[in-house]
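Asker: Any chance you could fold what I've pasted below:
(chains A, B and C)
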Amino acid sequence: MASLLILSPLVLLAALGAVWMARPVHAALLLALALALNAVLYLAMGADFIGLVQFAVYVGAVAVLIVFSLLITRQSDETEEIARRPKALVPGLLCTLPVLAVLLITASKVPAASDEAPALPLKKLGEILFTTHAPAVLAVAVLLTAVLIGAALFARETKPNDP
Amino acid sequence: MSKDNIPLWSPEHLPLLPQRLVEMILANLGAPEWLVSISGFMVAASTVLAVFMTAFALLSLIERKTLARAQNRIGPNRAGWFGILQPVADGIKMLTKEDIVPARAVKLLHLLAPILIVLPAILALGVIPYGREWTPVPLELGLLFFFAVGSMTELSVFMAGWASGSKFPMLGAMRAISQMVSYELPLIITALGVVMVSGTLSLPEIVQQQGGGFWHWNVCTPWGIVAGLLFYVCTIAEANRCPFDLPEGESEIVAGHMTEYSGFKYALFFMGEYLGLFAIAGLFVTLFLGGWQAPLPGLGLVPTWLWFFGKLALVIFSYLWIRATFPRLRIDQLMRFAWLCMIPMALLTLPAAAIWHYMGRGPLSWMVVLPLVLVPWVLVAVIFNKRLAPATRTYRFADG
Amino acid sequence: MNPLALLLTLSSVMFALGLLAVLTRRNAILILVGIELMLNAANINFIAFWRYGPPDLEMAGPIFVLFSIAIAAAEAAVGLAIILMVFRLRRTTDLNQLDSLHG
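Answerer: Numbering: from 1, shown residues only, chains lettered A, B, ... in the order given. Just a heads-up that it's a prediction; the model follows:
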């Protein structure tokens, strides 16, 4: 509980930075920090496997991809400064605040929690994953293969008009 | 096994000696239990760190000596006998140099990057089983932990390149990231084969299962030799060593992401690189070369951690040899090799490992699994050589 | 405060932050950052209910998060590939300038 109380504000601060920072690279690095802290949060909750997978996939792959595409699409320093749309802030908040209010009201209505820590036995997780959820695993496998091939095709197609 | 009936002075338990001495002294002084375990843990971590710091200092000398030998030079021989004090001299030089931060650098990230390069390497060293009794942190998810912290390196390399606010670090970081991402895929996929066969993510357990002579090591199975070779190539690429040292190819982009670093921060990069090299080579030894297992049964007298470090030294020597022998690749060759050769081959080892797992060890499974990995291997090699090799280079100005 | 409510509050605020990023950012890649934040907020809920909610013997929460992480990775890869294609064609990732279908 204490670790959750310490970690939650940190996660939120990092996420706030990711949303608010004007320079895209700063925002992306803060996103990486938020995701890493999120992984620590999972570890603190006892979901070791999920926390480590979160770290490997989000910090190791997704954040790196985002940062890398920021680099590729960077044109000059001045385009970095217009990452935000000041005019959109008011309508954005108008849309966001009701959603936040609804979510918070729902969150405050949950019954008191049971504090018996469930175990996350890896063997059993694997068994359930590859028996009960085998069709879903296959679907995800097909999806990932499609993404791999698709990304490779995207990368190939632009070769002729390389400046 | 209780702690009391382990002989304190046996060679097998020698690396644990400092930890257990500290624990004993503190317990006799009547310290509370949490203090005893925490200090014991700190001492155990320092033991590992001390061992690898010494190895790092030695390796920096041995590398220069080996390269010198391969290039028919003498190498460092001024500081001490055989140049043995050279690492000390290098260290003093690094520490007394001015710490330069470029004017356009992002100060905080520029400072954080070298620290975040060393940190994952040290964390990764913590989960490797060095001996039968010597695993600093025996995690159940050790392998996953290794890859999770290892993936942090990419981000710190990016931070180093971007925060320097200069062209060469930027280019070097982009090269480094694309290389690490591309070679991490086959690295993890081939390691997955080992996980499938041994059915666990715990590194001590994986080593335990390879006991009983070198023919039980994973590298001596038909899928394992393919996976092991791929893994070996990937370890070289992940450690940014020649022939995959484009990110810091000094003749092309100065020193890559480390260009704008000097003094202690540069030393940290250097250290992180070598510690990372030890970690990934140690993982290769653990997964494929039987970790601390003796090569032949009946060698029980030799402490097991000696076997581990012997194998580690051999693997690292092979890196040095390769560095002295091979020319550097071009970036397009590097990426093409990763995506068109390494990854398909790595994916093929997975079904091979599955079949091996279900058929068990024996001549029949050799006959089934070996062609499964060998035929595509030869095919890919032939195709790769004929179709995908770069077109014959024409020398526009030098011909005739 | 009970831990489940704390975590749900955390994930609500994180979701709202992600939504705000999607609505107010101009750079397409930074909109993807917002989407990642929202996905993570949902994942926190799954783990929180698995840990503090009613007993979950089938481990539905962690398994759902595993799928969600796999799909989020795929989504990021495809999204960034599309953004890079657009960038190659139009030399910008600013969504305000990608208005050729604007009529």
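Asker: Please make it C-alpha for all contacts and neighbour counts, starting now.
Answerer: Noted.
Asker: Identify, by residue count, the longest helix of chain A.
Answerer: Secondary structure of chain A per DSSP state H: the longest helix is helix A:134-157.
Asker: Close to chain B: what parts of chain A are there?
Answerer: Within chain A, the positions near chain B by Cα under 8 Å from any Cα of the partner chain are A:49, A:52, A:53, A:55, A:56, A:59, A:60, A:61, A:63, A:64, A:68.
Asker: before we move on, the earlier item: report whether the longest helix of chain A contacts chain C.
Answerer: Yes: looking at helix A:134-157 against chain C by Cα under 8 Å from any Cα, the contacts come from A:137, A:140, A:143, A:144, A:147, A:150, A:151, A:154, A:155.
Asker: Report the buried members of those residues.
Answerer: Among these, the ones that count as buried by 16 or more other Cα atoms under 10 Å in any protein chain shown are A:137, A:140, A:144, A:147, A:151.
Asker: so which of these would you say is closest to residue B:203?
Answerer: Nearest to residue B:203 among these is residue A:137, at 25.9 Å by Cα to Cα.
Asker: Touching, the closest one and residue A:131? I think so.
Answerer: No: in this structure, residue A:137 is not within contact of residue A:131 by Cα atoms under 8 Å, at 9.5 Å.
Asker: Domain map for chain A?
Answerer: A:1-90, A:121-163 (automatic domain parsing).
Asker: Now do the shortest one: distance to the chain's middle.
Answerer: In terms of Cα atoms, centre = their mean, to the nearest Å, the gap separating the centre of domain A:121-163 from the centre of its chain is 18 Å.
Asker: do the same with the first one
Answerer: Going by Cα atoms, centre = their mean, the spacing between the C-alpha centre of domain A:1-90 and its chain's C-alpha centre is 7 Å.
Asker: Dump the domains of chain A to JSON lines, plus mean pLDDT.
Answerer: Shown next, in JSON lines, are the domains of chain A (pLDDT from 0 to 100):
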{"stretch": "domain A:1-90", "mean pLDDT": "82"}
{"stretch": "domain A:121-163", "mean pLDDT": "78"}
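Asker: Highest mean neighbour count out of those?
Answerer: domain A:1-90 (a mean of 20; mean count of other Cα atoms under 10 Å in any protein chain shown).
Asker: Next one: that domain, is it in contact with chain C?
Answerer: Yes: contact of domain A:1-90 with chain C (Cα under 8 Å from any Cα) involves A:1, A:4-5, A:8, A:12, A:15-16, A:18-20, A:24, A:27-28, A:31, A:35, A:38, A:42, A:45-47, A:50, A:54, A:57-58, A:61-62, A:65-66, A:69-70, A:73, A:82-86, A:88-89.
Asker: In helices, which of the residues of chain A next to chain B appear?
Answerer: Per DSSP H, those map to helices at A:49, A:52, A:53, A:63, A:64, A:68.
Asker: can you tell me which residues contact the second one?
Answerer: The contact partners of residue A:52, by Cα atoms under 8 Å, 6 or more residues apart in numbering or on different chains, come to A:39, A:43, B:144, B:145, B:148.
Asker: how about TSV for the residues you listed, with secondary structure and distance to residue B:108 added?
Answerer: TSV is the format used below for those (DSSP: H, G, I helix; E, B strand; the rest coil; distance: Cα to Cα, whole Å):
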residue	secondary structure	distance to residue B:108
A:39	helix	23
A:43	helix	27
B:144	helix	30
B:145	helix	27
B:148	helix	24
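Asker: can those go into TSV with extra columns for distance to residue B:124?
Answerer: Converted to TSV, the contacts of residue A:52 look like this (distance: Cα to Cα, whole Å):
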residue	distance to residue B:124
A:39	17
A:43	17
B:144	10
B:145	8
B:148	9
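Asker: Among those, find me the one that's closest to residue B:366.
Answerer: residue B:144 (29.2 Å).
Asker: what residue ranges in chain C score low on pLDDT?
Answerer: Residues of chain C that meet the criterion pLDDT under 70 lie in C:1, C:57, C:102-103.
Asker: likewise the stretch 101-250 of chain B?
Answerer: B:249-250.
Asker: who in it is up against chain A?
Answerer: Going by Cα under 8 Å from any Cα, the residues of the stretch 101-250 of chain B near chain A are B:141, B:144-145, B:147-149, B:151-152, B:154-155, B:174, B:177, B:181.
Asker: Can you flag which of those belong to helices?
Answerer: Using DSSP H, those in helices are B:144, B:145, B:147, B:148, B:149, B:152, B:154, B:155, B:174, B:177, B:181.
Asker: now the strands: where do they sit in chain A?
Answerer: Under the criterion DSSP state E, chain A carries no strands.
Asker: ok now do the residue of the stretch 251-400 of chain B found nearest chain A, which residues does it touch?
Answerer: The stretch 251-400 of chain B approaches chain A most closely through residue B:339 (9.3 Å), counting by Cα to the nearest Cα. Residue B:339 makes contact with residue B:182, according to Cα under 8 Å, 6+ apart.
Asker: Check which helix or strand the closest residue to residue B:348 other than its chain neighbours maps to.
Answerer: Using Cα to Cα, 6 or more residues apart in numbering or on different chains and skipping residues adjacent in sequence, the residue nearest residue B:348 is residue B:373, 6.8 Å away. If you go by DSSP states H and E, residue B:373 is part of helix B:363-383.
Asker: Okay, buried residues for that helix please.
Answerer: In helix B:363-383, the ones that count as buried by 16+ other Cα under 10 Å are B:365, B:366, B:369, B:370, B:372, B:373, B:377, B:380.
Asker: What degree of burial does residue B:350 show, as a neighbour count?
Answerer: 22 (other Cα atoms under 10 Å in any protein chain shown).
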